[in-house]
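Asker: pasting the sequence and the predicted coordinates here, then a few questions.
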Amino acid sequence: MRAYMLAGIFREPVAAGAMPTPMIAASTAVNLTVCAAIRRPHGLGDQSGPQAAGPTTQYILGLSQITPFGVMRDGMRKSRLSKVKQDRLIEHFVAGTTARCAAALVGVNRKTAAYYFHRLREVIAYHLEQDGDMVVGGEIEVDESYFGGRRKGKRGRGATGKVPVFGLLKRGGRVYTKIIPDARSKTLMPIIKRKVVPDSIVYSDGWKGYNALDVSDFKHFRINHSKLFADKQNHINGIENFWNQAKRHMRKFNGVPRDHFPLFLKECEWRFNNPHPQVQMRQLKQWVREFLA
């Protein structure tokens, strides 16, 4: 695994009315509550927006809670933005424009654009979670990466203040990501067994957390990165390309709120799986229409 470092990827959340704090890499413990759909009664959702009538489905991803479906839907319904401005904001979101720049170009308040972009990320994460049980087969690349600010000390595996993320890529297909508490075998193997069809070919680096693959139902090939990064078909360049793209995309925001990191991660996963901007825009507009229906 290559140790990618990114300065200021996390930003501390700012309380209402408080002055923003400098970009720092938070070192608080990572809450890794990962759940399937949880049914919660009315009133237990996100208190920042209107509550949907009746029960709502709540989704939890890694470090933060995704707003319930009903709240996202009602939040978009209550938007005073015209359809033209919403479409333009979606176009800027697809283009990777920051909320501040998009607000200036569209002619809306910066907070309005940031809120709308946040809702779009929640919609994306919601739809990706619907496909969370999909399994893949064939040639699969697996790897982990660490997200967090640049700092002195150990880099890569074991670095403090980082959020470990496991990634799984089907060659010629889609990538899947999951925030994990650590990179030990007992953490990685259940994910691989749940997502990968037996007898598939699994490529990894030499990390000991993948030793169990040698005595599993998979055909396991390793690449020793201390000697070379590719040996014909034996490599994990595809998943490492995803890590590179994800961190490059997040870097432009000059730090993201730590609690929102799972949403940004799922956005990067969605962008990688749908690389054509026209497809992204068409899909987002369709999902927004579904939420408003």
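Answerer: Noted; the coordinates are in hand.

Asker: mind listing the helices for the protein?
Answerer: Taking DSSP state H as the test, the helices found in the chain are 69-77, 83-94, 99-106, 110-130, 185-195, 237-251, 261-273, 277-292.

Asker: which of these sits most buried?
Answerer: Burial of the helices of the chain is given as mean neighbour count (mean count of other C-beta atoms under 10 Å); helix 261-273 ranks first at a mean of 22. C-betas here are computed from N, CA, C, even on glycine.

Asker: which helices and strands does that one pack with?
Answerer: On a contact count with 3 or more C-beta pairs under 8 Å, 6 or more residues apart in numbering; DSSP states H and E, helix 261-273 meets strand 56-61, strand 64-66, helix 110-130, strand 175-179, helix 237-251.

Asker: what mean pLDDT does the shortest one get?
Answerer: Spelled out, that is strand 64-66. Average pLDDT, strand 64-66: 45.

Asker: before we move on, what about the last one?
Answerer: Taken as a whole, helix 237-251 has an average pLDDT of 94.

Asker: and what of the third one?
Answerer: Averaged over helix 110-130, pLDDT sits at 94.

Asker: picking up where we left off before, dump the helices and strands packed on helix 261-273 to CSV, plus distance to S145.
Answerer: Output for these, formatted as CSV (distance: least, C-beta to C-beta, whole Å):
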stretch, distance to S145
strand 56-61, 17
strand 64-66, 19
helix 110-130, 18
strand 175-179, 9
helix 237-251, 4
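
Asker: can you list the helices of the chain in a markdown table and add distance to I179?
Answerer: A markdown table is the format used below for these (distance: least, C-beta to C-beta, whole Å):
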| stretch | distance to I179 |
| --- | --- |
| helix 69-77 | 21 |
| helix 83-94 | 23 |
| helix 99-106 | 24 |
| helix 110-130 | 12 |
| helix 185-195 | 11 |
| helix 237-251 | 13 |
| helix 261-273 | 6 |
| helix 277-292 | 23 |
